[in-house]
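> here are the coordinates; sequence isn't available:
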């Protein structure tokens, strides 16, 4: 009996193996995982910190700047290392598409973490057990190294494309096109340089900017929205955060912010008809036109939520446009690094005198790309604005929307003094404002960073802001640093923030 | 019937006399069993022939064989018992029952591997509970009845049907249950309490070391009934009980004055947020005052496409109470015992049917148990036992917080505006939309409770079989060899039928689903044990065993789900709308062990025991061998030192053990190492993933490898069904060794007044670690976790047990009392490298491990709450709220007997400890709690309703506390700077405070105030009147002429009274939070039980 019930075929050694999981996977699968990990979606706290689309309902969230830990991309970076290793193990030469992308990911993710926190471990990071307590690199070192990685990635990509060695797989953004990624690399480099605008004297920002912008052959950048690094939502596997299914849950729990809506209505910007709805109180009770700019009202993000929720319940605010964001399961693609932003970034660099060129051209291309993204004509024409009819029972049903034909005349729009570019400080403000409008629901914390760096557009504060009414300047380090890397962590805090992991502390690039 | 057997015996005896006189005159082999007053065998009894001065001792089964002649006298003697003499007559079998000499202890306890020992020789704490103590006032769970019965054992009973109790021995969750010497994989429901003779709790590792790593946290040994060897012939026992569950101990405290909605506003459009402000979907209970005003509601008539207003009244005041019904439970057991001279058999069938007080939900358990032993020759015994257990229900509850929970739907998030007894609600479906669209007051997040209980059903079908077969060969009185093999196997099928229009978290498409969770486990133990027992020169007794065990287990499971359905109410995978989602898991483990034990008794002075076990296991990075030594000593001081006569017995004991553990897990979840991302659940390298975004996961017994020390890549399909890969986030130190627990225990047992009063006390110290510890490391390494041998904790505690008989048979009146008390605490002794002072952000060596941290209000030095400029309280996280564990647990049980009547009652409870009441947080913030509608909050809430929409109205309620009143240079209030590590105010001297004057709307104020943990903090002190029993034994005289030997009938009640400190927390029955839990979970109301029990023997 014992023999029949006891299987002793396998050795003890064989029984230690977990047969349910792989012991290695190819580089393409790791790339797929990395690309999923780095996606930044709308409907999170990042668009609240950008004062775009904010909470009114305390139970679900708030608009407080009581920042906790920042994003932690180290394990993703470890996967980047693993991806490079797996590519080489599979027989690829030392320079291959994965290794070139790997350099981009390093620059992209280390700089993102540093933007959030300040000094971070970099040169001693990702060494596993070889260094369990990596020392922190200064933010300057992180930024300098990130720029160098981007340079190197571009060089590698040029070489790979020239040699025809461009095959890789697992891409969810750009159809496995190395040439498209090369444009992302250089476009991102422009973003990073612009973020260092306060450090022109300390880092060679201006000359790098001029080099990249001045040589599109060597440094190809995005030339249209088709080059966007963007995440496209899909049915049935990858829904947009807002869908007809969850409208009843969160459709009224957030409303637009005055920072965003106020800027649009001040500029008589037709985008407001696409991204928002008129405040029904103004339309139904005050009998204003639903397409009057005065009917679009965002809430002051500094308002106490008790007041904001009460006002929102009384329909005194503009909500997210139901047609665009709640009538389908795919919404709009989420841009990670995009062409409109690039245009504004180049315009800013030129405005700042880092390179020669026509800032206004870039500025106009940026605005027009943003219009085009919302299918708003950039000449003379019309588009249809759709507003959800109060008391309707399905956001998915087109019959539940009131449609309005909106006339657009680009020339009239552009001729406004608040829009028309001027090659001066006011022009820079306009660039930054238009960039802010183009970044609605996109690119993570970029809008917040621009505010933090330039004060544009004006962010408002109040009891709803938390943090004693202050817009926080940074995120805290991950909790594991405090627990497990205490010596280096405390040194980094002493070096930068008087020993406190202070969300109001000023990091190097802001000084 | 008795007379018949007596006659038969006489006939046989006569026949023997006639045919075999020569045998009787010669020397014969006499054999028999020596038992004590409780019919338990007594090993080590000296059996001597007075005339010849030769003799033997009984074996562990209390058996002996001796060659003697008719007329000689056999003397049976043993310390603690009155010596008995029997003259050898015509019988070849002489069974003797020894009685205690009342001066000393004489109990026998079952120890590891089923070895029976006299307690006097046991050097560690063991407490035994008779099985019938748990079958009279029966709990639905066989183990939950142990509450309060054993000092140091804490049982947190689950309030739910099919819920597992949380059984802690000295603060650690016990995972080892041993039936007749073999470990079983148990969910605690696959044991029939009617088949249990005794429960023996081996509290410390020294007691359990022979079982290896599974006994790291102690063990519960179950000895099954095997037929009474002293009752030859057929005996029949019938035990039947019926219980009604009625009356609630803990019940949500909800208000009926305000309905659902937001900011005092509500109207129904589509129940999915179509109303202004989305107030008809996923709403709170912060709606309008019930004033009879006309408001469009879910069942209001629609005239010309316009929904009319109907009176807004609290028509569902007692929805939860009205929904629940009286629950019941029946248990029936029939046991047949057939005992002959050389065989014993017992066959027992049990049936349990439990009908929940939640309508439509039930549980059936059937259990069959067969035991047989056969002794063909005095040297050889064969023994076998098999237990089959079937649990089945088509419908059991899931109360995990979420839209799947009754409490969530009735008591937390919906109001009294709908009536649970309304015909349209009871009809479940909207007219003409059967199977597709349910009828309810809301369609976004909440559910019609009848849809929940009748259509959204979960099935549980589990077959358990465990049993063993073996034989013992007795070389001589001193030596025997036992070979046994046990199998333990289960298969489980769990199903879930999710109907159309049900929308739990992550399944908002309302298109139904069907899921199956299948699990199979096979476990086999084969052991060979040589038992020995030698006495050298009447002083040194050596006994013990050497043995070996081979354990092999294999497990496989699958979890499969549709991704929405095509056709409603067809619950089949072939009906899946999108591709099926599935995951599977398999594992196996082998452990080869050998072990030995030695008890050395030095006359009456002391017994020194040592055990040793070595395991060679596959559940590790590489096959690993590890060992467990243990030593214990017991000395009965009263046997050799004269003590005051008031002390009748004094024993001192001490023990040491070192036990280790490999990388295995005692339980497993539905989808280990799952990569399913479609449903919004968890994935990854864990045995306990929930692939769903809602509901509780079922963990079943496993005791297999967790593969935590194996490195691997992970995959899942996060985008467009394409596979993504991830390298491991775990690092492993070189040469990781098994986890270690070193255990010391000291104690004494003392008895007074001819054993009328006994007190037993133990102190213990456990050094746990270095563990195999997943240490959090700097993520900048690229990894989150380093597995290494570190983290030591020290758990120390005390427990005492007082047992007394204040009144003994005074005119038929006897009173017994048992008091148990236990306490323990655990502190850090060694932290991972570099983390002393920063472990988990806060802790240093010496800190308690059960510190509860959470958010507290930011306060002035005088203790006033600091508000922001809007008058809302400010808070700060990471603050110490208290300790999670109770200071101590206690129980007191009394049993009073007068002639044939007896009455028993037990109180038990815990003192100290804190927990965050999650239910309170939710019901306050959601507006359903009665506190939101009474007092100052209720008054202000009424004003908020009266003034709804009034321009400039910003509330009435003014919260307590202060705000920062001085302005900085920027004209704004001076900001408060907080220390990022402690939360302390850094610039306190720069701040000036004034009393808060800001008015606030109640909903937002409450949502903020009660989101601070401090405001939901609950003291865990409680007391329960656990059980009361009244029993009557029918007098033997009445039964003499019938075939019935015994009838006893009992009336009993369980969980009758519940006392707790703060009535704000009446929604929680603290009973179930016996461990270190940070916060409560949603629970069904707990009920009182009233039962009737009938016990018959014939």
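Alright, I've got the coordinates. Remember, predicted model here, so these are calculated numbers, not experimental data.

> average pLDDT for stretch B:420-440?
For stretch B:420-440, the per-residue pLDDT values average out at 97.

> Pull out the buried positions in that stretch.
Buried residues in stretch B:420-440, defined by neighbour count with 16 or more other CB atoms under 10 Å in any protein chain shown: B:420, B:424, B:425, B:428, B:429, B:435, B:436, B:437, B:438, B:439, B:440. Where C-beta positions appear, they are placed from N, C-alpha and C, glycine not excepted.

> give me every residue that touches the fifth one.
Listed by CB atoms under 8 Å, 6 or more residues apart in numbering or on different chains, the contact set of residue B:429 reads B:435, B:436, B:437, B:438, B:439.

> One more pass at 10 Å, please.
With CB atoms under 10 Å, 6 or more residues apart in numbering or on different chains as the criterion, the residues that contact residue B:429 are B:435, B:436, B:437, B:438, B:439, B:448, B:450, B:451, B:455, B:499, B:500, B:501.

> and the gap between the fifth one and residue A:400?
Taking CB to CB, to the nearest Å as the measure, residue B:439 and residue A:400 are separated by 23 Å.

> that older thread, out of the contacts of residue B:429, who's near chain A?
When those are filtered against chain A using CB under 10 Å from any CB of the partner chain, no residues are retained.

> among the helices and strands of chain B, which has the poorest mean pLDDT?
Among the secondary structure pieces of chain B, namely its helices and strands, helix B:21-25 has the lowest mean (mean pLDDT, DSSP states H and E), a mean of 41.

> Can you identify the element that follows that helix toward the C-terminus?
Proceeding C-terminally, helix B:21-25 gives way to strand B:28-35 as the next helix or strand, assigned by DSSP states H and E.

> Apart from its chain neighbours, what residue comes closest to residue 246?
You didn't pick a chain, so chain A it is. The spatially closest residue to residue A:246, leaving aside those adjacent along the chain, is residue B:508, at 5.7 Å (CB to CB, 6 or more residues apart in numbering or on different chains).

> The intended chain is chain B.
Of all residues not flanking residue B:246 in the chain, residue B:326 sits nearest, at 4.8 Å (CB to CB, 6+ apart).

> for residue B:98, same thing?
The shortest distance from residue B:98 to any residue that is not its chain neighbour, by CB to CB, 6+ apart, is 4.1 Å, and that residue is residue B:81.

> For the nearest residue to residue B:123 once chain neighbours are set aside, the count of nearby residues, please.
Here the nearest residue to residue B:123 in space, its sequence neighbours aside, is residue B:632; by CB to CB, 6+ apart that works out to 2.8 Å. Counted by other CB atoms under 10 Å in any protein chain shown, the residues lying close to residue B:632 total 24.

> Pull the distance from the helix or strand hosting residue B:632 to the chain's centre.
Of the helices and strands defined by DSSP H and E, residue B:632 is found in strand B:624-636. Centroid separation between strand B:624-636 and its chain, computed with CA atoms, centre = their mean, to the nearest Å, is 28 Å.

> With stretch B:1041-1053 instead?
A distance of 31 Å separates the C-alpha centroid of stretch B:1041-1053 from that of its chain, computed with CA atoms, centre = their mean.

> Just the buried positions in it, please.
Of all the residues in stretch B:1041-1053, those buried under the rule 16+ other CB under 10 Å are B:1045, B:1047, B:1048, B:1050, B:1052, B:1053.

> Same list (those residues) but as TSV, adding secondary structure, distance to chain A and pLDDT.
Output for the buried residues of stretch B:1041-1053, formatted as TSV (DSSP: H, G, I helix; E, B strand; the rest coil; distance: CB to the nearest CB, whole Å; pLDDT from 0 to 100):
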residue	secondary structure	distance to chain A	pLDDT
B:1045	coil	38	83
B:1047	strand	42	91
B:1048	strand	41	91
B:1050	strand	42	94
B:1052	strand	42	94
B:1053	strand	41	94
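
> ok, these vs residue B:900, which is closest?
Nearest to residue B:900 among the buried residues of stretch B:1041-1053: residue B:1048, at 8.6 Å, using CB to CB.

> pretty sure the closest one is touching residue B:1031, no?
Yes. Residue B:1048 sits in contact with residue B:1031 when judged by CB atoms under 10 Å, with a separation of 5.7 Å.

> can you list residues touching both of these two?
In contact with both residue B:1048 and residue B:1031: B:136, B:900, B:902, B:1093, B:1095, using CB under 10 Å, 6+ apart.

> how near is the second one to chain A?
Distance from residue B:900 to chain A, counting by CB to the nearest CB, to the nearest Å: 49 Å.

> contacting residues around that residue?
With CB under 10 Å, 6+ apart, residue B:900 has these contacts: B:812, B:1031, B:1032, B:1033, B:1034, B:1035, B:1036, B:1038, B:1048.

> and with 6 Å instead?
Neighbour list for residue B:900: B:1032, B:1033, B:1035 [criterion: CB atoms under 6 Å, 6 or more residues apart in numbering or on different chains].

> Now do the second one: how many residues are near it, please.
Spelled out, that is residue B:1033. Residue B:1033 is surrounded by 17 other residues when neighbours are defined as other CB under 10 Å.
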